[in-house]
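Novice: Sequence below, structure please.
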Amino acid sequence: MPGDQFPVTRWSVIDAVKSRDPAEQMRALDTLCSAYWKPVYKYVRLRWNRPPEDAQDLTQGFFAELLERDLLAKYDPAKSKLRTYLRLCADSFVINLQKAASRQKRGGNAPHIALDFQAAEDELAGTTIDPASIPSPDSLEEFFEKEWVRSLFALAVEDLRKLCVERERDRAFQLFENYDLSDDPDVSYDQLAAAYSIPVTDVTNALSWARREFRRFALARLREICGTDEEFHREARSVFGSDAA
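Specialist: Presented below is the predicted three-dimensional model:
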């Protein structure tokens with residue numbers, strides 16, 4: 001697939017959830033859950049001050065409700081972003097449970113993907129996220145959106161890793177990890193070239209390819225979780241500072 005061209009044949013979750021095929025509907029929910037479960041979980045932990053076990057139940061219960069109440073079919077892309085709609089749905093879900101003084105059983109009809117709640121807790125406990133710095137609902141909305149981008153990029157990184165394994169370009173992924181994903185601001189192309197005993201031009205070419213593929217994967221993931229082409233291009237500009245073309 002050339003450059004950053006998006007595979008237009010892939011359905012978005014909004015299209016797929018309206019399918020009469022149960023397998024296609026579940027695929028849509030799996031896709032959505034993969035991108036949003038961590039932002040929802042962390043948001044519930046902070047916004048509603050819930051302990052980990054309760055937040056886990058609420059997160060899985062929320063995605064089960066998306067399916068049971070057909071909430072995605074009710075989403076109107078003309079009125080809001082999908083991520084805003086889902087955040088508001090999560091708020092409504094928690095509020096309704098509080099009013100009913102009930103508790104959603106863990107699991108239910110939630111999508112069947114592994115949810116690594118401990119990894120989410122580790123991220124919340126890390127130095128990059130300070131709950132004390134998120135005092136207001138407005139700040140929590142911004143926090144949710146940042147976590148959504150983090151989740152999107154994490155999925156794209158995993159897609160890139162798998163591609164590198166398939167094409168036997170492990171070194172390209174290692175260079176991408178060491179430079180683009182590193183917390184070390186002082187790492188340089190020269191240092192990587194020396195560490196891998198390769199010319200600097202090889203580092204440059206490998207990183208250029210990896211970044212291009214990463215962006216392509218991120219755009220593909222983004223397109224799946226947008227309601228319309230217009231929303232996709234708007235979100236692409238928001239995430240990357242440029243259009244998807």
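Novice: all contacts plus neighbour counts: C-alpha atoms, from now on.
Specialist: Fine.
Novice: contacting residues for V44?
Specialist: Residues in contact with V44, defined by Cα atoms under 8 Å, 6 or more residues apart in numbering, are 50, 55, 58-59, 90.
Novice: Save those residues as CSV, and put in pLDDT and distance to R216 too.
Specialist: Shown next, in CSV, are these (pLDDT from 0 to 100; distance: Cα to Cα, whole Å):
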residue, pLDDT, distance to R216
R50, 90, 36
A55, 93, 33
L58, 93, 33
T59, 94, 29
A90, 95, 29
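Novice: Neighbour count, distance to K79 and secondary structure for these - can I get that in TSV?
Specialist: Below are these laid out as TSV (neighbours: other Cα atoms under 10 Å; distance: Cα to Cα, whole Å; DSSP: H, G, I helix; E, B strand; the rest coil):
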residue	neighbour count	distance to K79	secondary structure
R50	16	30	coil
A55	22	28	helix
L58	26	26	helix
T59	31	24	helix
A90	23	17	helix
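Novice: What is the nearest of those residues to R171?
Specialist: Comparing these against R171 with Cα to Cα places T59 closest, at 36.9 Å.
Novice: Just to check, the closest one is in contact with K42?
Specialist: No: using Cα atoms under 8 Å, T59 makes no contact with K42, being 9.3 Å away.
Novice: hmm, back to that, output the contacts of V44 in TSV, with distance to R211 appended to each entry.
Specialist: TSV is the format used below for the contacts of V44 (distance: Cα to Cα, whole Å):
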residue	distance to R211
R50	38
A55	35
L58	36
T59	32
A90	33
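Novice: and of these, the nearest to L71?
Specialist: Nearest to L71 among those: A90, at 11.0 Å, using Cα to Cα.
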